[in-house]
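Peer 1: show me how the following folds:
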Amino acid sequence: MNKSLVAVLLGGLLGACLMPSPATAQSAFDGTWKIDLKKVEMPKKPDVLLLQNGMYHCKTCVPPVSVKADGTDQPVSGHPYYDTMAVTVVDDHAIHEIDKKDGKVISDSTMTVAVDGKTANFEFTDSSNNSTDPVTGNGTMVRVAKGPAGAHAVSGSWRTQSYGSVSDNALTRSYKVDGDTFSMSAPTGESYSAKMDGSDAPYKGDPGATSVSVRKLGQRVMQETAKRDGKVISVAKMTVAPDGRSMTIAVDDKLHDTHMSFVAMKQ
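Peer 2: Prediction:
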């Protein structure tokens, strides 16, 4: 599972940001927004998995993961959210994965492939942001390519088709413009306050992001760039509709080289 829903597009308008709105004027971004799961455009690039000869490989994880699929905690490195992974083969069509960080369960997920092998369902619980209330959800994947002969049914290339449900704490964000500062907070504990001039500010509450920069590209357009140890990991362009009731967020995931977009509604 990808560990996050954030990041967006670097455009050619970086030098064209407008002056911040006066502190007395309410920004179009001010308030709480909730993602509409019916208006999500999922990444086209598939996830590539292989389970064969007792080994589980996530080839599109960054960095790639290869562990024994024997249900025991296997060490993995280079991942900010977890340092061990335990993969259990439930049966010929399902696997169960538990990720831990410093011995604490961070995520628990199950992937079950349909009998015809064309689709798969997944469900998950995720506490990677150290929230007291974990993120929960489920969804459907569609097979793009088969795995090698003799491999487990989860093997192959899969594209996430849709999310059936995701808990509100992962879908909700609050934003506030105060003078030249743009702030974000989330029920899962992430937050930041950044100047709208592209300078870096601390990103709190997400092990996968250490800093963020924000640029105002217009009265209703904001660009958010997340970084990990100085390296850009995602760029998100947020555009509030003229009526102020919805916000389209286009996301470029630089780590996985994918693009997605979704619509958030003003609450």
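
Peer 1: so residue 169, which state does it fall into?
Peer 2: Of the three states, residue 169 takes helix under DSSP: H, G, I helix; E, B strand; the rest coil.

Peer 1: so what's the residue count around it?
Peer 2: The number of residues packed near residue 169 is 17, by other CB atoms under 10 Å. All C-beta atoms are positioned from the backbone trio N, CA, C, and that covers glycine.

Peer 1: do you know how far it is from residue 137?
Peer 2: 11 Å (CB to CB, to the nearest Å).

Peer 1: just confirm residue 78 is within a helix.
Peer 2: No. Read with three-state DSSP, residue 78 is coil and lies in no helix.

Peer 1: now do the contacts for it.
Peer 2: Each residue near residue 78 by CB atoms under 8 Å, 6 or more residues apart in numbering is listed here: 62-63.

Peer 1: got phi/psi on it?
Peer 2: phi 90, psi 10 (degrees, to the nearest 10).

Peer 1: please report how far it lies from residue 129.
Peer 2: Distance from residue 78 to residue 129, by CB to CB: 19 Å.

Peer 1: who does whichever strand or helix holds residue 248 pair up with?
Peer 2: Following DSSP states H and E, one finds residue 248 within strand 246-253. Using DSSP bridges, strand 246-253 pairs in its sheet with strand 231-240 (antiparallel), strand 258-266 (antiparallel).

Peer 1: dump these to CSV, plus distance to residue 31, mean neighbour count and mean pLDDT.
Peer 2: Formatted as CSV, the strands paired with strand 246-253 follow (distance: least, CB to CB, whole Å; neighbours: other CB atoms under 10 Å; pLDDT from 0 to 100):
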stretch, distance to residue 31, mean neighbour count, mean pLDDT
strand 231-240, 10, 21, 98
strand 258-266, 6, 18, 97
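
Peer 1: of all those, which lies closest to residue 35?
Peer 2: Residue 35 sits nearest to strand 258-266 of all these, at 5.0 Å, using CB to CB.

Peer 1: quick one: contacts of the closest one?
Peer 2: So strand 258-266 is contacted by 5, 31-36, 39-45, 171, 173, 244-253 (CB under 8 Å, 6+ apart).

Peer 1: now, of the residues you listed, which are buried?
Peer 2: The neighbour count (16 or more other CB atoms under 10 Å) marks 5, 33, 35, 40, 42-43, 45, 171, 173, 246-253 as buried among the contacts of strand 258-266.

Peer 1: bridged to the closest residue to residue 230 other than its chain neighbours, which residues?
Peer 2: Leaving aside its sequence neighbours, residue 230 sits nearest to residue 211 (CB to CB, 6 or more residues apart in numbering; 7.6 Å). Per DSSP bridges, the residues bridged to residue 211 are residue 202, residue 227.

Peer 1: isn't residue 211 right up against residue 203?
Peer 2: Yes. Using CB atoms under 8 Å, residue 211 makes contact with residue 203 at a distance of 5.5 Å.

Peer 1: find residues that contact each of those two.
Peer 2: With CB under 8 Å, 6+ apart as the test, residue 211 and residue 203 both reach 226-227.

Peer 1: okay, the two: which has more neighbours?
Peer 2: A count of neighbours by other CB under 10 Å puts residue 203 above the other of residue 211 and residue 203, at 22 against 19.

Peer 1: wait, what's in contact with that one?
Peer 2: Taking CB under 8 Å, 6+ apart, we find residue 203 in contact with 190, 192, 209-212, 226-227.

Peer 1: tell me the contacts of the closest residue in space to residue 124 that isn't next to it in sequence?
Peer 2: What sits nearest to residue 124 in space, not counting adjacent residues and going by CB to CB, 6+ apart, is residue 109, at 3.9 Å. Residue 109 makes contact with 1, 96-97, 122-126, according to CB under 8 Å, 6+ apart.
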